[in-house]
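[1] this one's sequence-less:
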């Protein structure tokens, strides 16, 4: 009885193993699995990025897929929680076996999973990278400019295009971002030869920004950057208005403030303030946006800057893996990205690159918009690109 | 420097108003209400929704105040129905549950989208001696002073005031004498709900319009109430205003500016030390 029981178990296990191997072999020509990690609930919630990548892949599938294989999309919600971001990545990479991550839009995913992606030989084409590691990892390349390069760029705009001399910069306190912001300011100072008069990191989310606005006035800042979310920027501009300081300085913001809500809420009380857009301005009418707008409308997806970033990541991914001659696997996808040529797109001011460098910062451009009566319009016709002194 | 201090007055006034609500509930119905700011935020969001619908600011304010009072009354009736005999600690713990409930429901109902926040006084300001004084600051301070004076008078001079005092001193005896304890409790909660809604509406333009963040206004309000030893309305208001002033003032001193948002903690500590100054160590423990 015992012996036969053991035999039974052995047979079952053996059969299971064989079946498993068989199913792995069957999967070889199965769908191409693609992962995504983003905050789809919690403090940093962006529901559109995952939807747009899915919609993009479904359209590819409807047209026959790639090499006759369908793209299968798996998204993980990290809830802006490092633990969940880490679990999500392991589920995608180890359990599901994705070939790459595409379009991820998370506030912390790069810091949490960057080292793991390198270890597993997986590339992530980040749609929206926020934390510094998104721009300092061999296996991650973000399509967006990111808050740090955007900071350097908008300061450069103030110094060069607006010819301001007293430039100030205020940053909202968010964990882990200060050192990277400091680097961004130093990069500006080295490139432009001008000094940032005030650099302040004391604004905490939710606090009254009036004292800082007064500080800017006291110092006589001709151009003042405030780097924070649109919600913080609203209270910032309210303080500016109450203190009658709208004309005292050119108030500047980076991409995190470029939202429909910000312009709408401010109405005419922020006229003349400028924001940086990390892509072709998503609220604009640019031709380059036509396909994205169309895809969004057909699938009922709201239009946000994050969605545009993820759309672009999906486009770059599909066009890059189309160049793969042999089988599409994690290895071949990684190899394709590590050896890819700069990818030009009208949505970005500089070409997207991946390559084999230890870090990637391909998007080094912004467009500058001005707020006028509750809407945005171009303040400067072309792209503002990073001008390094070297 | 002076300008920076004055800029803290709106915050200070709102802390003071919320602090008065905390003291009111503590004194009259024996609850340390940690959900007080959340009730105000709820009322404020109702105002924002009404304003967003285009019904006008003041209709919004009115409906917001009513919503604040209604939610206050609802919480008050829960408290008086199920926890009227419970000790202070239990009742205060119940308010933590209420806080969590309000936060959850608030986020569900209103979402996390930004809403246009009207400034009730059109972001206007007066200028005196080169210092800009926002109209909102003047209104909030006047309101706080009026309230402190009014509540004191009300409790001393009116019949309902006497009932309330009786209820707070000897609840059971008061109830046996035929004082409508439950109605009074609910009434006090409703009034506190309405006042905190005003406080949050006034402070809103200077803050991030976020449900959770605004709910944290309870912390400086508690510090203000502590300065008044949960007893004096007048001193609570002075406490709230001082916290606002110190916050504003410290923001212009570079080295301590980053810590200005936790000034209320220092104030709490000092108030506690002062309140305990005559205690003998063993007895105080």
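    Everything's here; your move. Values in this document were obtained by computation on a predicted structure and should not be read as measured data.
[2] Tell me how far residue B:3 lies from chain A.
    Using Cβ to the nearest Cβ, to the nearest Å, one gets 6 Å for the distance from residue B:3 to chain A. For glycine as for every other residue, the C-beta is placed from the backbone atoms N, C-alpha and C.
[3] quick one: contacts for that residue?
    Shown in contact with residue B:3 (Cβ atoms under 8 Å, 6 or more residues apart in numbering or on different chains): A:214, B:130-132.
[4] May I see those organised as JSON lines, with neighbour count added?
    What follows is those, written out as JSON lines (neighbours: other Cβ atoms under 10 Å in any protein chain shown):
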{"residue": "A:214", "neighbour count": "22"}
{"residue": "B:130", "neighbour count": "7"}
{"residue": "B:131", "neighbour count": "14"}
{"residue": "B:132", "neighbour count": "19"}
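[5] Would you point out the most distant pair within those?
    A:214 and B:130 (12.4 Å; Cβ to Cβ).
[6] Just to be sure, which of the contacts of residue B:3 are found in helices?
    residue A:214 (DSSP state H).
[7] Could you find the lowest-pLDDT member of the contacts of residue B:3?
    Looking at the contacts of residue B:3 by pLDDT, the weakest one is residue B:130, with 71.
[8] roughly how far apart are it and residue B:32?
    Using Cβ to Cβ, to the nearest Å, residue B:130 is found at 42 Å from residue B:32.
[9] can you give me the helices for the stretch 201-350 of chain A?
    Ranges of helices within the stretch 201-350 of chain A are A:210-219, A:230-242, A:260-266, A:290-298, A:305-321, A:330-338, based on DSSP state H, counting those that start in this stretch.
[10] residues near residue B:6, how many?
    23 (other Cβ atoms under 10 Å in any protein chain shown).
[11] How far off centre is the strand or helix carrying it?
    If you go by DSSP states H and E, residue B:6 is part of helix B:2-7. In terms of Cα atoms, centre = their mean, to the nearest Å, the centre of helix B:2-7 is found 22 Å from the chain centre.
[12] mind checking which helix or strand of chain A has the lowest mean pLDDT?
    Counting by mean pLDDT, DSSP states H and E, the weakest-scoring helix or strand in chain A turns out to be helix A:2-27, with a mean of 49.
[13] what's the following helix or strand after that one?
    Past helix A:2-27, the next helix or strand by DSSP H and E is strand A:32-38.
[14] What does the pLDDT read for residue A:170?
    pLDDT, residue A:170: 95.
[15] now the helix or strand harbouring it against helix A:230-242, angle please.
    For residue A:170, the host element (DSSP H and E) is strand A:167-172. Calculated by axes from the mean of the first three to the mean of the last three Cα atoms, to 10 degrees, strand A:167-172 forms an angle of 130 degrees with helix A:230-242.
[16] Check whether strand A:167-172 comes near chain B.
    No - in terms of Cβ under 8 Å from any Cβ of the partner chain, no part of strand A:167-172 sits within range of chain B; the closest distance is 9.6 Å.
[17] Show me what that strand is in contact with.
    A:151, A:155, A:158-159, A:177-178, A:181, A:185, A:194, A:196-201, A:203-205, A:212, A:216, A:219, A:221-229, A:232, A:249.
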